[in-house]
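Student: Output the structure for:
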Amino acid sequence: MIKMQLNTVKNGMIIGEDIYNNYDVLIIASGTVITDKIFQQIERLGLDEVHIIEKDVNGDNQIVIIKDDIQNLYENTVESFKNLFNSIKFGKQIISEEVEEILAPMLMEVKHNPSLAKKLWQIEACDEYTYDHSVTVSMASALLGKWMNMTDKQINELAIAGLLHDIGKCNIPDEILKKPDRLTDEEFKVMKTHATLGYLLVKNSKDLSNEIIEGVYQHHEKFDGNGYPNKLVGEDIHIYGRLIAIADVYSAMTSNRVYRKKMSPFLVAKLVTEYSFGYLDPVAVNIFLQNVGNFYVGTLVKLNNGMIGQVVMVNKLDPYRPLVKVNNDYIDLSKHYEIEIDSLID
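Tutor: Presented below is the predicted three-dimensional model:
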């Protein structure tokens, strides 16, 4: 680790030491990659120098610089999927190798980047909702498969099924698919056909496994049998369908929509927990929320009483009500239901 003057620090370098403000609140954690936004935070703290991580290469110390930008990688994946989506819309057959090529760089991040779960909330949408949503569902599905100790093959298949879960929407009329408001009941009936339309597309594709096909077909089935298109119950729903359903709900709630802004991950955790009763696989929901919640330890949050605090521990039983440090006090939100996290402070 080396101490560097702030004016010599570059984007991509890695912070080597936790940085606190005057109230002993962690502002920037060790291991954070320098970006323009992080640089501005350091400047606001009035620091002239910071510790930067070095690594030993053949006996010589070299500064570690992370060149891979998750946002850029995400945007490239969205653009590639958009092109695929539109080509399928005009009659091209789905070829598994093309889908795998689109997902390969992002899957490397899923498997090897331990902070990707937190970045899911931070990623900025870059295109129409259908394209962005498909990529984030793919990422979240693969992450959940990883946390459930699935094989590499299963994680890859989950990512593919997640990316293609809404592919049937390419055959939904644009006036419904791109409507900038909530759908009417009749429009929603048309929209619901996308699961069957997607099934027909992937079934007729080259080299996609039956597991991927079932994941695409069943991602709107509900545990209590009130889903669609076949009203399957419980474990009759393929595991891929069950996991994609969780990723689908999480992605939708943490995305900006025309009629509402994206919700904080903690509010989403609360709603996903509620949905798990009758809708989602409760075991998989618990695994997903515990793992996602752990990545927000150290995050600054604004509470509904206006106070600013830092998440210091996630409650396993109530992952959406963590322990928060406010100045020198600790507030256990699982014991103070009148206090909630209003938003994250980026």
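
Student: Can you report how many residues lie near the closest residue in space to Gly278 that isn't next to it in sequence?
Tutor: Sequence neighbours aside, Asp224 is the residue nearest to Gly278 in space, at 4.0 Å (criterion: C-beta to C-beta, 6 or more residues apart in numbering). C-beta coordinates here come from the backbone N, C-alpha and C atoms, glycine included. Per other C-beta atoms under 10 Å, the neighbour tally for Asp224 reads 12.

Student: quick one: contacts of stretch 319-329?
Tutor: 23-25, 266-270, 273, 289-290, 292-293, 296-297, 301, 303, 307-315, 330-334, 337, 340-341 (C-beta atoms under 8 Å, 6 or more residues apart in numbering).

Student: Now, of those, which are buried?
Tutor: 266-270, 273, 289-290, 292-293, 296-297, 301, 303, 309-311, 314-315, 331, 333, 340-341 (16 or more other C-beta atoms under 10 Å).

Student: Which of those fall in helices?
Tutor: In this view, the buried ones among the contacts of stretch 319-329 that belong to helices under DSSP state H are Phe266, Leu267, Val268, Ala269, Lys270, Thr273, Leu289, Gln290, Val292, Gly293.

Student: for the residues you listed, which one is nearest Glu187?
Tutor: Nearest to Glu187, judged by C-beta to C-beta, of these is Val268 at 25.4 Å.

Student: right, and the closest one touches Thr254 too?
Tutor: Yes: here Val268 reaches Thr254: they are 5.6 Å apart, a contact under C-beta atoms under 8 Å.

Student: Quick check: can you list the domain ranges of the protein?
Tutor: The chain is divided into the following domains under automatic domain parsing: 2-63, 70-262.

Student: Just put these in CSV and tack on distance to Val285.
Tutor: As requested, those are exported to CSV (distance: least, C-beta to C-beta, whole Å):
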stretch, distance to Val285
domain 2-63, 27
domain 70-262, 6
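
Student: right, so those: which one is the most enclosed?
Tutor: Neighbour counts (mean count of other C-beta atoms under 10 Å) averaged over each of the domains of the chain peak at domain 70-262, with a mean of 18.

Student: Just give the nearest non-adjacent residue to Met253, would you?
Tutor: Nearest in space to Met253, with sequence neighbours left out and distances taken as C-beta to C-beta, 6+ apart, is Val268 at 4.4 Å.

Student: Also Val233?
Tutor: Closest to Val233 by C-beta to C-beta, 6+ apart is Gly225, at 4.1 Å.

Student: what's that neighbour in contact with, if anything?
Tutor: Shown in contact with Gly225 (C-beta under 8 Å, 6+ apart): Lys231, Leu232, Val233, Gly234.

Student: at 7 Å what do you get?
Tutor: Lys231, Leu232, Val233 (C-beta atoms under 7 Å, 6 or more residues apart in numbering).

Student: Same list, the residues you listed, but as TSV with distance to Ile345 please.
Tutor: Listed next are the contacts of Gly225 as TSV, based on distance: C-beta to C-beta, whole Å:
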residue	distance to Ile345
Lys231	43
Leu232	42
Val233	42
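
Student: so can I have JSON lines of those showing pLDDT and secondary structure?
Tutor: What follows is the contacts of Gly225, written out as JSON lines (pLDDT from 0 to 100; DSSP: H, G, I helix; E, B strand; the rest coil):
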{"residue": "Lys231", "pLDDT": "96", "secondary structure": "coil"}
{"residue": "Leu232", "pLDDT": "97", "secondary structure": "coil"}
{"residue": "Val233", "pLDDT": "95", "secondary structure": "coil"}
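
Student: just those now: which is nearest Ile42?
Tutor: Among the contacts of Gly225, Leu232 lies closest to Ile42 (C-beta to C-beta), at 52.0 Å.

Student: Quick check: phi and psi on the closest one?
Tutor: In terms of degrees, to the nearest 10, the main-chain angles of Leu232 are phi -70, psi 160.

Student: again with Ile14
Tutor: phi -110, psi 130.

Student: is it in a bridge, and if so with what?
Tutor: Val33 (DSSP bridges).

Student: Distance check, it against Pro114.
Tutor: Remark: distance between Ile14 and Pro114 (C-beta to C-beta, to the nearest Å) = 14 Å.

Student: cool, and Val233?
Tutor: 36 Å.

Student: Extract the CA atoms of stretch 142-158 and return them as PDB.
Tutor: Output of stretch 142-158 as PDB, limited to C-alpha atoms (Å, rounded to 0.1, in the frame of the first residue of the first chain):
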ATOM      1  CA  ALA A 142     -26.900 -16.200 -12.200                       C
ATOM      2  CA  LEU A 143     -25.900 -14.600  -8.900                       C
ATOM      3  CA  LEU A 144     -28.700 -16.500  -7.100                       C
ATOM      4  CA  GLY A 145     -27.600 -19.800  -8.800                       C
ATOM      5  CA  LYS A 146     -24.100 -19.100  -7.500                       C
ATOM      6  CA  TRP A 147     -25.300 -18.500  -4.000                       C
ATOM      7  CA  MET A 148     -27.300 -21.700  -4.100                       C
ATOM      8  CA  ASN A 149     -24.000 -23.600  -5.000                       C
ATOM      9  CA  MET A 150     -25.200 -24.600  -8.400                       C
ATOM     10  CA  THR A 151     -22.700 -25.900 -11.000                       C
ATOM     11  CA  ASP A 152     -21.100 -23.700 -13.600                       C
ATOM     12  CA  LYS A 153     -23.300 -25.200 -16.300                       C
ATOM     13  CA  GLN A 154     -26.400 -24.400 -14.300                       C
ATOM     14  CA  ILE A 155     -25.300 -20.900 -13.600                       C
ATOM     15  CA  ASN A 156     -24.600 -20.400 -17.300                       C
ATOM     16  CA  GLU A 157     -28.100 -21.800 -18.200                       C
ATOM     17  CA  LEU A 158     -29.700 -19.600 -15.600                       C
END
